[in-house]
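A.B. asks: Sequence first, then the predicted structure:
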Amino acid sequence: MTGALTTTGLDLVVPAGDGWIGEVPAGGLLRIVDLHGNQAVDTLLYDAHDYANRYSAMDTVRAQAKVYLTTGSRLLSTGGDPLATIVEDTVGRHDTLGGACAKESNVVRYGDHTRHQPACRTTFLRQLARWNRCAPGGFELTVRDLGHNINFFMNVPVTVEGGLSFEDGLSAPGKYVELRAERDILVLVSNCPQVNNPCNGYDPTPVRLIGSGW
Amino acid sequence: MNPSHTVPGDAGWSLRLPRGYALRLECLGDGGNASMLAYAAADPIERLNIPDTLKAQLSGCVRPPMVLMSGHGRALCSVVSSTVDWHDAVTGYGPAAGGLLLDELATLGLGRRDVHATVNWFSKVAPDAAGGLGFVPGHARTGDSVTLRAEQDLLLVLCTARHPLDPDPEPAPAVRATVSPAGPVSDTDPSWTFRAETIRALRAAAPVAVA
């Protein structure tokens, strides 16, 4: 792990349907830029030194007593530790209740014709496999380690009556969100390939990841 | 007589609920709570997925006739009936419940990697128009109940600690769990006639599903 922690930042474009996994050291910044607008960037965080201490959507929501994530949101782990803080947000609202798309949940939501379409969970698992190959330590991350994620740039309003809806995103080309790592973290990203949901205008597009302060 | 167990307040518990059986949870004091984790007994890698459950049924809480869905697109159980109209599923469990749930998971050979968002039976955390959340005190009263029907063999892990946003300092009320045969499922079953998404998840859980 120490090798990755000595890298000096990051600047790359992740095409729709692709993903990224890497470490951000404590104090480091990671900016995610919605290059074309209304994209969904499914994101998971792990304590880089204790992968079972991972991002917890529900602990995060409860601690801030707000459904949506935005500037100031502290992204907590299952152990109650701050993994990262959202320090900049030009969108204003991000979802963490809607989860990630998967082949199986696509079938439930949209029907059997979607069974073999690309999905975020596949991307997550491919990225984990890549990490397992290159990271020392002998801890194999699997589907067991996929908690409930953040959907940056996605807009999923919860109604007073207890409903949930998927709305057009509030994001636009060039809008971004920036995280500051509060400890050494492992970041897992799937740039959502979903073509059945209005959240990204049925049109998945690339995003840019910029790391700094490493 | 149907087997029944009273889980004291502030305690953890687990049970196996076979397909076709019903679990009734009854609140034995005002303001009770039962946080629940759920796994497929055949392989706990398949577990309750609250985001999938909520988004597929366009709900911000759990209530009849929704089904709880696994991350593998299959129904775990149907929420057959409830005397309260809202069960929280978006605020998780606190440190006290977390310790008790992990104790119970450990006896099953499971651990921190296996936790997921709970359903907090009997608790309501109400959203406002801006997305703010507020705990509703005393949402459930003594005698309130909820009944689930297992749609596949389940491993359920429960904790009766108070909801983590409940400011009440008193010990948590007990919850009685009663298991009984669920009986035949009719053509007009509320879950089987709810949403297309609900029906697809139920079909995928059937023993002979090809999926």
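C.D. replies: Looks like it arrived, so ask away.
A.B. asks: wait, isn't residue A:13 in contact with residue A:36?
C.D. replies: No - Residue A:13 lies out of contact with residue A:36 (CB atoms under 8 Å); the separation is 11.1 Å. The C-beta positions use only the backbone N, C-alpha and C, and glycine is treated the same way.
A.B. asks: intersection of neighbour lists for the two?
C.D. replies: For the pair residue A:13 and residue A:36, residues contacting each of them under the criterion CB atoms under 8 Å, 6 or more residues apart in numbering or on different chains are residue A:206.
A.B. asks: Backbone dihedrals for the residue in chain B that chain A sits nearest to, please?
C.D. replies: Distance from chain A to each residue of chain B (CB to the nearest CB) is smallest for residue B:51, at 2.6 Å. With angles defined as degrees, to the nearest 10, residue B:51 shows backbone torsions of phi -60, psi -40.
A.B. asks: Grab the nearest non-local neighbour of it.
C.D. replies: Among residues not flanking residue B:51 along the chain, residue A:99 sits closest, at 2.6 Å (CB to CB, 6 or more residues apart in numbering or on different chains).
A.B. asks: Residue A:13 and residue A:36: who's more crowded?
C.D. replies: It is residue A:36, of residue A:13 and residue A:36, that has more neighbours when counted by other CB atoms under 10 Å in any protein chain shown, with 18 against 12.
A.B. asks: For that one, which non-adjacent residue is spatially closest?
C.D. replies: By the measure of CB to CB, 6+ apart, the closest residue to residue A:36 outside its immediate chain neighbours is residue A:205, 3.7 Å from it.
A.B. asks: Next up, the contacts around the nearest residue to residue A:40 once chain neighbours are set aside.
C.D. replies: In space, not counting the residues next to it along the chain, residue A:40 is nearest to residue A:192; the distance is 4.0 Å by CB to CB, 6+ apart. For residue A:192, the set of contacting residues under the criterion of CB under 8 Å, 6+ apart consists of A:16, A:39-42, A:100-101, A:120, A:151, A:200, A:204.
A.B. asks: Hmm, residue B:72 is touching residue A:106, no?
C.D. replies: No - using CB under 8 Å, residue B:72 makes no contact with residue A:106, being 11.9 Å away.
A.B. asks: Need the phi and psi values for the spatially most distant residue from the centre of chain B.
C.D. replies: Of all residues in chain B, residue B:130 sits farthest from the chain's C-alpha centroid, using CA atoms, centre = their mean; the distance is 26.9 Å. Reported as degrees, to the nearest 10, the phi and psi values for residue B:130 are phi -90, psi 0.
A.B. asks: Filter the contacts of residue A:192 down to just the ones in strands.
C.D. replies: For those, membership in strands holds for A:41-42, A:151, with DSSP state E as the criterion.
A.B. asks: Which parts of chain A are strands?
C.D. replies: For chain A, strands defined by DSSP E occupy the ranges A:10-14, A:19-24, A:29-34, A:41-47, A:50-54, A:74-76, A:82-89, A:150-152, A:175-181, A:185-191, A:207-212.
A.B. asks: can I get those in a markdown table with mean pLDDT?
C.D. replies: Converted to a markdown table, those look like this (pLDDT from 0 to 100):
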| stretch | mean pLDDT |
| --- | --- |
| strand A:10-14 | 96 |
| strand A:19-24 | 97 |
| strand A:29-34 | 98 |
| strand A:41-47 | 98 |
| strand A:50-54 | 97 |
| strand A:74-76 | 98 |
| strand A:82-89 | 98 |
| strand A:150-152 | 97 |
| strand A:175-181 | 98 |
| strand A:185-191 | 98 |
| strand A:207-212 | 96 |
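A.B. asks: of all those strands, which lies closest to chain B?
C.D. replies: strand A:50-54 (3.9 Å).
A.B. asks: Tell me who's in contact with the closest residue to chain B within chain A.
C.D. replies: Among the residues of chain A, residue A:99 lies nearest to chain B; the distance is 2.6 Å by CB to the nearest CB. With contact set as CB under 8 Å, 6+ apart, residue A:99 has these partners: A:105, A:148-149, A:151, B:49-52, B:55.
A.B. asks: let's go with 6 Å and repeat that
C.D. replies: Taking CB atoms under 6 Å, 6 or more residues apart in numbering or on different chains as the criterion, residue A:99 is in contact with A:148, B:51-52.
A.B. asks: ok, those residues vs residue B:43, which is closest?
C.D. replies: Checking these against residue B:43 by CB to CB gives residue B:52 as the nearest, at 17.3 Å.
A.B. asks: count of neighbours near residue A:134?
C.D. replies: When neighbours are defined as other CB under 10 Å, residue A:134 has 9 of them.
A.B. asks: Equivalent analysis for the one 5 residues further on, please.
C.D. replies: Close neighbours of residue A:139, defined as other CB under 10 Å, add up to 12.
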